[in-house]
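In: sequence and predicted structure are below.
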Amino acid sequence: MAVDRTKIRWNGWGWAAHKDDVGPREIVWTWLAGELGMPALLATPPRPLDELTLPPTKLFPEDHAALAAIVGADSVRCSPYERAFHALGRSYHDLLRLRAGALESLPDAVVYPRSTDEVLALLAYCKAHRIGVIPFGGGTSVVGGVSAEYGNFDTIITIDLSSMDRLLDVDSISRTATAEAGIYGPALERGLNAKGFTLGHLPQSFEFSTLGGWICHRGAGQMSLRYGRAEDWLVGLKLATTEGLAAASDAPASAAGPQLKDIVAGSEGSFGIVTEATVRLMPLPEASLYRSYMFRDFGAGSATIRAAMQDDVAASMIRLSDVEETRFLRTYASIGHAGSVQRFGDLYLKVRGISREPCLMIAAFEGRRMRARSALHHFSRIAAQYGAVSLGPRIAERWRQTRFQAPYLRDAMMDRGVGVDTIETAASWMRLETVYANTRAALENAIRETAPREGARGVVMCHISHSYSDGASLYFTYVFPRALEGDIAQWKTIKKAATQAIVDNGGTVSHHHGVGEDHLPWMMQEKGPLGIAALRAIKKAFDPDGILNPGKLIPP
């Protein structure tokens, strides 16, 4: 059954009924103000929808009637809630505008098809009548991937795939499954688990993102070391385009030229709308072993990951926090509790040769019981060679249990004049340290330069989130005091500085978030003129009138 959109926050993260346990805790905000060099953090609540005056829909009545004839009257929606919910994604930049009620650009209607044929009919009508189309899955893009951008069109609609949420087939012989693209992560996993399988794709957006969104943004879940990225587990698909249906074979491999699935993965709805996908499965693991370690510094932890990857350790996840992320999260977790526990922990680490500025690593090992245990022991031996102290399963299991709660903290922080954003990249092991150091410096400098008062500062944190034999992904989170009179300009300055540092030092503009609008200015530097020309040629073949997701992925 499709997720009820009205139960999800239109201007924040997650369930509308989620209880905010952080907001009322003044001790947290006093501590955070000190971290940011601010005397206090003022309340900055979002504007409620019923106080806003939205631009009227520009969809002509005859167009509304024609769309309704395709999908049914109840599936063409123009209510303020539907239009506001689908106006933007869930990036920090998006939330600044949503919370302020700055909704100058909205879809003129939101349409909910229930089949591939209906999607094809909608696209054909929109092409014929020059109506722009925004494909929409869960709407969790954090790079401006679903913004209601008009481009060269007077009217735009959002095509929301969430009513196409069926698990169509599970092939236990081939270990594949076929599902409609609008199925949410939890529903997909429940259906697969009932058959003894898992896709194992668990991004932080898991609860509110869809299969189609994972594919179109070339996503990577936290357990991608075992289960792979979207392009690894994608077998076949159906792509509805303005020119008709394109289908990728579900053969396990093919040398018949470049593969359609490889072109579609990461295309962000610019070439067509994925309506169905066939994916590779794995059996539910017999064992899921989580462990945590402390390292004396980021370099030792990074060297451990590189050694493990190049020694083919069968880990499912390895996540290494830098000194600042480790410090910040440990301190936050201890607020309101007796300090004796953390002091005891610091003493224990000191005795074991770890400084007071350690780096925390969390690792997971899944699969058959003996395989998981063997991988854990193999990894622990390598970690010990680099001076790691094993902390056992408790910290890692707690991280696992609270993994999907972290995004709610952003809303609580924004309610108190605090900005929090993320940026991620990937680079070779040879370049990783340089990318890390220069991106961190760029973030710290830009935050200081845009701070609302003298002496204010940010907290810049980073962790290695995904790893390979030849490199790894760096995931930065930065918390800073908002310049309330110009917070969008502040964000743009910080974003530009950090992204330029990434690409100038050999990192990719994105490892798993995608391009959207936010990374578009760097795509020419990322792909080069011939690469961009190739993307434009593909776009012209699938969408010659350019109605699909205007202003994303491909620079003009």
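Out: Noted; the coordinates are in hand. Residues are numbered from 1 along each chain as shown.
In: all helices for the stretch 451-556 of the chain, in order.
Out: With DSSP state H, counting those that start in this stretch as the criterion, the stretch 451-556 of the chain has helices at 487-504, 523-542.
In: quick check: which of those is buried the most?
Out: Mean neighbour count (mean count of other C-beta atoms under 10 Å) peaks for helix 487-504 among these, with a mean of 19. C-beta here means a position set from N, CA and C on the backbone, and glycine is covered the same way.
In: other SSEs contacting that one?
Out: Packing partners of helix 487-504 (3 or more C-beta pairs under 8 Å, 6 or more residues apart in numbering; DSSP states H and E): helix 92-100, strand 418-428, helix 429-449, strand 471-481.
In: residues in contact with that helix: which ones?
Out: Applying C-beta atoms under 8 Å, 6 or more residues apart in numbering, the external contacts of helix 487-504 come out as 92-93, 96-97, 419, 421, 423, 425, 435, 438-439, 441-443, 445-447, 449-450, 476, 478, 480, 482-483, 508-509, 518-519, 521-522, 525-526.
In: what about the helices in the stretch 51-200 of the chain?
Out: Using DSSP H, counting those that start in this stretch, helices in the stretch 51-200 of the chain cover 61-71, 80-85, 92-100, 116-128, 185-193.
In: could you export the ones you listed as CSV, including mean pLDDT?
Out: As requested, those are arranged in CSV below (pLDDT from 0 to 100):
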stretch, mean pLDDT
helix 61-71, 98
helix 80-85, 97
helix 92-100, 98
helix 116-128, 98
helix 185-193, 98
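In: and those helices as CSV, adding distance to residue 162 and mean neighbour count?
Out: Listed next are these as CSV, based on distance: least, C-beta to C-beta, whole Å; neighbours: other C-beta atoms under 10 Å:
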stretch, distance to residue 162, mean neighbour count
helix 61-71, 13, 16
helix 80-85, 11, 20
helix 92-100, 19, 20
helix 116-128, 13, 20
helix 185-193, 10, 18
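In: can you tell which of these is closest to residue 461?
Out: Between residue 461 and the helices of the stretch 51-200 of the chain, the shortest gap by C-beta to C-beta is with helix 92-100, which sits at 14.9 Å.
In: show me where pLDDT drops low in this protein?
Out: Along the chain, segments meeting pLDDT under 70 span 1, 336-356.
In: circling back: as JSON lines, the helices of the stretch 51-200 of the chain with distance to residue 140 would be great.
Out: Shown next, in JSON lines, are the helices of the stretch 51-200 of the chain (distance: least, C-beta to C-beta, whole Å):
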{"stretch": "helix 61-71", "distance to residue 140": "24"}
{"stretch": "helix 80-85", "distance to residue 140": "12"}
{"stretch": "helix 92-100", "distance to residue 140": "10"}
{"stretch": "helix 116-128", "distance to residue 140": "21"}
{"stretch": "helix 185-193", "distance to residue 140": "10"}
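In: ok, which of those helices comes nearest residue 408?
Out: Closest among the helices of the stretch 51-200 of the chain, using C-beta to C-beta: helix 92-100, at 12.4 Å.
In: which residues does that closest one contact?
Out: 10-12, 46-47, 84, 87-88, 102-103, 142, 144, 147, 410-411, 414, 419-421, 487-488, 491, 495, 518.
In: circling back to that earlier point, the helices and strands packed on helix 487-504: which one's closest to residue 273?
Out: The nearest among those, by C-beta to C-beta, is helix 92-100 at 21.2 Å.
In: got the CA positions of the closest one in PDB?
Out: Output in PDB follows, covering the C-alpha atoms of helix 92-100 (Å, rounded to 0.1, in the frame of the first residue of the first chain):
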ATOM      1  CA  TYR A  92      19.600  22.000   3.700                       C
ATOM      2  CA  HIS A  93      19.100  24.500   0.900                       C
ATOM      3  CA  ASP A  94      15.600  23.000   0.200                       C
ATOM      4  CA  LEU A  95      14.700  23.200   3.900                       C
ATOM      5  CA  LEU A  96      15.700  26.800   4.200                       C
ATOM      6  CA  ARG A  97      13.200  27.700   1.500                       C
ATOM      7  CA  LEU A  98      10.500  25.300   2.700                       C
ATOM      8  CA  ARG A  99      10.700  26.500   6.300                       C
ATOM      9  CA  ALA A 100      10.600  30.200   5.200                       C
END
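In: tilt between that helix and strand 471-481?
Out: Put simply, helix 92-100 runs at 30 degrees to strand 471-481, going by axes from the mean of the first three to the mean of the last three C-alpha atoms, to 10 degrees.
In: mind checking how far helix 92-100 is from the chain centre?
Out: Centre-to-centre, helix 92-100 and its host chain are 17 Å apart (C-alpha atoms, centre = their mean, to the nearest Å).
In: before we move on, the earlier item: residue 121: which of the helices and strands packed on helix 487-504 is closest?
Out: Nearest of the helices and strands packed on helix 487-504 (C-beta to C-beta): helix 92-100, 30.0 Å.
In: residues contacting residue 111?
Out: Residue 111 makes contacts with 67, 71, 75-77, 122, 157-160, as judged by C-beta under 8 Å, 6+ apart.
In: got it, and residue 465?
Out: Shown here is residue 465, whose contacts under the criterion C-beta under 8 Å, 6+ apart are 222, 319, 424, 473-475, 511.
In: the nearest residue to it once chain neighbours are set aside and residue 319, how far apart?
Out: Of all residues not flanking residue 465 in the chain, residue 475 sits nearest, at 4.3 Å (C-beta to C-beta, 6 or more residues apart in numbering). Distance, residue 475 to residue 319, using C-beta to C-beta, to the nearest Å: 9 Å.
In: what residues are shared contacts of those two?
Out: 463-465.
In: rebuild those as a markdown table, extending it with distance to residue 235.
Out: Formatted as a markdown table, these follow (distance: C-beta to C-beta, whole Å):
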| residue | distance to residue 235 |
| --- | --- |
| 463 | 31 |
| 464 | 29 |
| 465 | 25 |
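In: of those, closest to residue 59?
Out: Nearest to residue 59 among these: residue 465, at 41.2 Å, using C-beta to C-beta.
In: from residue 490, how far out is the closest one?
Out: Counting by C-beta to C-beta - residue 465 and residue 490 are separated by 26 Å.
In: likewise residue 500?
Out: Distance of residue 500 to residue 490, given as C-beta to C-beta: 16 Å.
In: can you pick the most crowded of the contacts of residue 465?
Out: residue 474 (25 neighbours; other C-beta atoms under 10 Å).
In: partners of that residue in the sheet?
Out: residue 425, residue 464 (DSSP bridges).
In: next, count neighbours for residue 470.
Out: Using other C-beta under 10 Å, residue 470 has 13 neighbouring residues.
In: count of neighbours near the residue nearest to it when sequence neighbours are not counted?
Out: Distances taken as C-beta to C-beta, 6+ apart place residue 428 nearest to residue 470, at 5.7 Å, with adjacent residues excluded. The number of residues packed near residue 428 is 13, by other C-beta under 10 Å.
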